[in-house]
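Peer 1: sequence unknown, structure follows:
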């Protein structure tokens, strides 16, 4: 935070420009002690900051002050590979980014046969943190699988399995009502899996291991982001609240140990 009162920008103006709230509401937030700059609560309305270097959060949620950063949610269709340029000429993500001025990149990957939530951004630091499995970003998948899954199988998924590259356990697993989810095809089940692992095709391998190969796989949630009603093949920009939640997660990850391992692919 700037030491001199004539340097930087007024904190309430910066918050308003970032879309957090109107300037008047931002002033009230500051007075109430809800705003921190570089981890320190600021209650003086005359406070000025350097938006390029200072870190601001409101109620513990990070605020993105750099308005050049773009964050987009894509509901990736099947048949699309998670890369901006595929060397083998397969359909890639460029068709979903061509209308954005910024050069966007995907955070992590979904394999061609998997649909669902994928984040596109020009924020390289955030992408680096969130894409690495060692930071443990939680993902929620809905898998349509062969056969009738039993409660015993669900328990086995959370208890843990031994795969060729080591043991793995779902953080959560539950059997969904197939008829309510539009998957009442005889001989199939819907399973919701919550994982923080980023290992290659881990959902497919786990379900195959318990005798229920995946027919269709959708990622519904990535960290604090939910796919919601976004249609397949469509994009939308993240809301201010979603951006803040994602940045908070990224800052927490950046403060931990350096990442290792490959990017996820499901």
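Peer 2: Perfect, thanks for sending it. The shown structure was predicted, so the numbers you read here are calculated from the model rather than taken from an experiment.

Peer 1: Please, where are all the helices along the stretch 51-200 of the chain?
Peer 2: 94-97, 124-131, 151-159 (DSSP state H, counting those that start in this stretch).

Peer 1: Please identify which of those helices is closest to residue 234.
Peer 2: For the helices of the stretch 51-200 of the chain, distance to residue 234 was read as C-beta to C-beta. The smallest value, 8.6 Å, belongs to helix 94-97. In short, each C-beta sits where N, CA and C put it, glycine included.

Peer 1: Go ahead and flag the most central residue of the chain.
Peer 2: residue 222 (3.6 Å; C-alpha atoms, centre = their mean).

Peer 1: If the closest residue to it other than its chain neighbours is in a bridge, with which residues?
Peer 2: Among residues not flanking residue 222 along the chain, residue 117 sits closest, at 5.0 Å (C-beta to C-beta, 6 or more residues apart in numbering). Assessed by DSSP bridges, residue 117 has beta-bridge partners residue 75.

Peer 1: next one: the one 4 residues further on
Peer 2: Residue 121 forms beta bridges with residue 71, residue 105, as assigned by DSSP bridges.

Peer 1: any idea how far residue 237 is from it?
Peer 2: Separation of residue 121 from residue 237 (C-beta to C-beta, to the nearest Å) stands at 10 Å.

Peer 1: what do the two both touch?
Peer 2: 70, 71, 72 (C-beta atoms under 8 Å, 6 or more residues apart in numbering).

Peer 1: For those, give me a markdown table that also has neighbour count and distance to residue 168.
Peer 2: Listed next are the shared contacts of residue 121 and residue 237 as a markdown table, based on neighbours: other C-beta atoms under 10 Å; distance: C-beta to C-beta, whole Å:
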| residue | neighbour count | distance to residue 168 |
| --- | --- | --- |
| 70 | 18 | 34 |
| 71 | 22 | 30 |
| 72 | 19 | 30 |
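
Peer 1: Show me the strands in the stretch 51-200 of the chain, by range?
Peer 2: Applying DSSP state E, counting those that start in this stretch to the stretch 51-200 of the chain gives strands spanning 56-58, 61-63, 71-76, 105-107, 114-121, 139-146, 161-163, 166-168, 172-176, 188-195.

Peer 1: so where is the stretch 51-200 of the chain shaky, pLDDT-wise?
Peer 2: Residues of the stretch 51-200 of the chain meeting the criterion pLDDT under 70: 178-186.

Peer 1: separation between the residue found closest to residue 82 once you drop the neighbours it is linked to in the chain and residue 238?
Peer 2: In this structure, residue 82 finds its nearest non-sequential neighbour in residue 109, 3.7 Å apart by C-beta to C-beta, 6+ apart. With distances taken as C-beta to C-beta, residue 109 is found 19 Å from residue 238.

Peer 1: Tell me who's in contact with residue 138.
Peer 2: 171, 194, 195, 196, 221, 223.

Peer 1: For residue 81, grab the count of nearby residues.
Peer 2: 17 (other C-beta atoms under 10 Å).

Peer 1: Touching, it and residue 91? I think so.
Peer 2: Yes. Residue 81 is within contact range of residue 91, at 6.9 Å (criterion: C-beta atoms under 8 Å).

Peer 1: Contacts only, for residue 103.
Peer 2: 97, 122.

Peer 1: what does residue 206 give?
Peer 2: By C-beta under 8 Å, 6+ apart, residue 206 lies in contact with 157, 161, 163, 168, 170, 193.

Peer 1: tell me the domain ranges of this protein?
Peer 2: With domains defined by the TED database, the chain comprises 9-63, 71-248.
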